[in-house]
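> Structure, please.
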Amino acid sequence: MWLIVNAGSSSLKLAVFDQSRELGRASVTEIGTAGHVAALDRALGEVGVPLSRLQAAAHRVVHGGTALTRTCRVTPDVLHLIKACVPLAPLHNPANLAGIQAVARLLPDLPQFATFDTAFHATNPEVAVTYALPQGERARGLRRYGFHGTSYAALVRVLAQRGDRPERLLACHLGNGASLCAIVNGCSLATTMGYSPLDGLTMGTRAGSIDGNAVLRLAELHGVEAAGRILNRESGLLGLGGASDLRALHGSDRPEARFALAHFAYWAVRHAGSMVAAMGGLDAVVFTGGIGENDAWIRAEILKGLAYLGVVADPVANRLHADRLDDATSRVAIWTVPADEERQIALEAQAVMAGEGAG
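Next up, the predicted model:
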């Protein structure tokens, strides 16, 4: 059995798999001063799987930088590289490391593996990831990385299992954090998030794309730390409409709420045009994530905005959240795929361990 760990700064989520079959999951929120070890011990008790039956653990790590571009066994060198990425993901990588360290303390003989959200985008060409900055600044790691990679890898796998292998796929991971990805023959070619998860679409509390000079002005007015808080935690749907949850916005009759919804859809369509341009066309659109899977209005608005590409949705299928949403007249396939990141992590880590044995 495999233990899959997704550790945040104040929460910890676990799932247990027997090969690809999920056996259970648990989560602990508001970890507090007791720390990740106590939270892990509690969550393992909730899952109810005997520790002696665990074969290995695999962790979601948000940032792997340019060095960690595939799932790998956790070694001292890998830990060093994950720590080196902390300046690139200061809100995420320290928590991911805490999860690895918690497993090592509680189950010291258990092999551990790491999967990186940035890894799926390692196939992006240099022209897509390079900021037009002086070489000295680029050497500091200032470039586009992209995120949600585990989610995108999972949906490519699920579609292939269905028998769907589009050449040019616009993938929409829409949730509190949201991004788009241009996927050609199963590989990432471009994505909307950049150096951090702040870039790109309007999100629950993140501003999305914003002029660098506007960022500098916020920093001048409020200081760097406060500007970061504004951009990451007080903006997006929350800043526009007063709520980060789309259900609350849909249920509100305030004009600000309607504008926030329209803003989310408008900028998703704007960024989708960029992704389609990178691919040179479009064969399929797929939605995943909490909003992508469950918000028919958002999907309909985005798909209407892509009508010029031959995208035609079946309104009944969309309203029913069907797996397939395209109308018979559509030149482009439209699907929904439930997020399946934990299973993707398990499968990738199992493949690495199997490869070690074969070697």
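> When you work out contacts or count neighbours from here on, use the C-alpha atoms and nothing else.
Will do.
> now what about stretch 277-286, what contacts it?
The set of residues external to stretch 277-286 that reach it, using C-alpha atoms under 8 Å, 6 or more residues apart in numbering, is 166-172, 182-184, 189-190, 276, 309, 331-337.
> Go ahead and confirm residue 19 touches residue 345.
No - judged on C-alpha atoms under 8 Å, residue 19 makes no contact with residue 345 at a distance of 11.1 Å.
> Which of the two has more residues huddled nearby?
Neighbour tally, residue 19 and residue 345, criterion other C-alpha atoms under 10 Å: the higher count belongs to residue 345, 28 against 13.
> So what sits opposite residue 174 in the bridge?
In this structure, residue 174 bridges to residue 178 when assessed by DSSP bridges.
> and whichever helix or strand residue 45 is part of, which residues are buried?
For residue 45, the element it lies in under DSSP states H and E is helix 35-47. Of the residues in helix 35-47, 35, 36, 37, 38, 39, 40, 43, 44, 47 count as buried by neighbour count, 16 or more other C-alpha atoms under 10 Å.
> same question for it, mean pLDDT?
Per-residue confidence for helix 35-47 averages out to 88 on the pLDDT scale.
> All the strands of the protein, in order from the start?
Along the chain, the stretches classed as strands by DSSP state E are 2-7, 11-18, 21-29, 56-61, 72-73, 112-116, 168-174, 178-184, 187-191, 284-288, 333-336.
> the inter-axis angle of the second one versus helix 35-47?
Right, strand 11-18. With axes from the mean of the first three to the mean of the last three C-alpha atoms, to 10 degrees as the basis, strand 11-18 and helix 35-47 are set at 40 degrees to each other.
> May I have strand 11-18 exported as CSV, CA atoms only?
This file holds the C-alpha atoms of strand 11-18, laid out as CSV (Å, rounded to 0.1, in the frame of the first residue of the first chain):
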residue,chain,number,x,y,z
SER,A,11,-3.2,21.3,7.0
LEU,A,12,-2.3,17.8,6.0
LYS,A,13,-4.2,15.5,3.6
LEU,A,14,-3.6,11.8,3.2
ALA,A,15,-4.7,9.1,0.8
VAL,A,16,-3.9,5.4,0.7
PHE,A,17,-3.7,3.4,-2.5
ASP,A,18,-3.3,-0.3,-3.3
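> quick one, phi psi at residue 311?
When read as degrees, to the nearest 10, the backbone of residue 311 gives phi -90, psi 120.
> If you tally nearby residues, what's the number for residue 7?
Residues near residue 7, counting by other C-alpha under 10 Å, number 28.
> who are the neighbours in contact with residue 224?
Contact criterion C-alpha under 8 Å, 6+ apart gives residue 218 as the residues in contact with residue 224.
> and the angle from the helix or strand of the chain with the lowest mean pLDDT to strand 2-7?
For the chain, the helix or strand with the lowest mean confidence is helix 35-47, at a mean of 88 (criterion: mean pLDDT, DSSP states H and E). Angular relation of helix 35-47 and strand 2-7 on a 0 to 180 degree scale: 140 degrees, by the same axes, to 10 degrees.
> what angle do helix 35-47 and strand 21-29 make?
Helix 35-47 and strand 21-29 are oriented at 130 degrees to each other (the same axes, to 10 degrees).
> Tell me the helices and strands packed up against helix 35-47.
With contacts taken as 3 or more C-alpha pairs under 8 Å, 6 or more residues apart in numbering; DSSP states H and E, helix 35-47 sits against strand 11-18, strand 21-29, helix 93-106.
> Can you list the strands that the second one pairs with?
The pairing partners recorded for strand 21-29 under DSSP bridges are strand 11-18 (antiparallel).
> I'd like the average pLDDT over the strand it pairs with.
Along strand 11-18, the predicted confidence averages to a pLDDT of 92.
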